[in-house]
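Asks: just the structure for this:
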Amino acid sequence: MVSRFEDWIRQAERNLKSAIANYNAELYEEACYEAHQAAEKAIKGLLNLLNKERRGHSASFLALESGLEIPEDTLKCLRHLDKHYIPTRYPDVYDEGAPCDYYTREDADRCLECARRVLEWVMEIAERIRGSAGQIP
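Replies: Below you'll find the predicted structure:
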């Protein structure tokens, strides 16, 4: 399997930048969606580094597929971000209104915090893997 770890991480970092830009524009539902995307792509990059491939969009299930021990706070963040994959984008998820009517600055604060935490965890694991000549920590 060709390593595409760096590509996944670069895109995850761009998604995080997009989340921040949306946050600053008060587009909180978009910030939450992009935060989820940042975490999902970081995890897919990690799986690639581990020579594992898994399709899907649940960042928490993807992370569990790694077989690595996931810190509880990171797993909570992954599960929190998963909750924002669909409702941030589709009005018919709600009985009335659109996603923009439901998402708040506080929602986006938490999603950004979680995306950063996931990216940091992935980079720590990647550093350990690369530092131990490919042995899984």
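Asks: so what's the one residue sitting closest to the centre of the chain closest to, chain neighbours aside?
Replies: Closest to where the C-alpha atoms of the chain average out (Cα atoms, centre = their mean) is Ala39, at 1.1 Å. Once flanking residues are discounted, Ala39 sits nearest to Val118: 4.1 Å by Cβ to Cβ, 6 or more residues apart in numbering. Glycine gets a C-beta too; all of them are placed from N, C-alpha and C.
Asks: which ones are touching the one you found?
Replies: Contacts for Val118 (Cβ atoms under 8 Å, 6 or more residues apart in numbering) come out as Ala38, Ala39, Ala42, Ile43, Ala59, Thr74, Cys77, Leu78, Leu81.
Asks: any buried residues in the helix or strand it falls within, and which?
Replies: Element membership for Val118, per DSSP states H and E: helix 105-131. The neighbour-count check on helix 105-131 (16 or more other Cβ atoms under 10 Å) flags 107-108, 110-112, 114-119, 121-122, 125-126, 129 as buried.
Asks: equivalent analysis for stretch 84-92, please.
Replies: His84, Tyr85, Pro87, Thr88.
Asks: low-confidence stretches in the protein?
Replies: 1, 133-137 (pLDDT under 70).
Asks: what do you get if the cut-off is 50, keeping everything else the same?
Replies: By pLDDT under 50, the low-scoring segments of the chain are 134-137.
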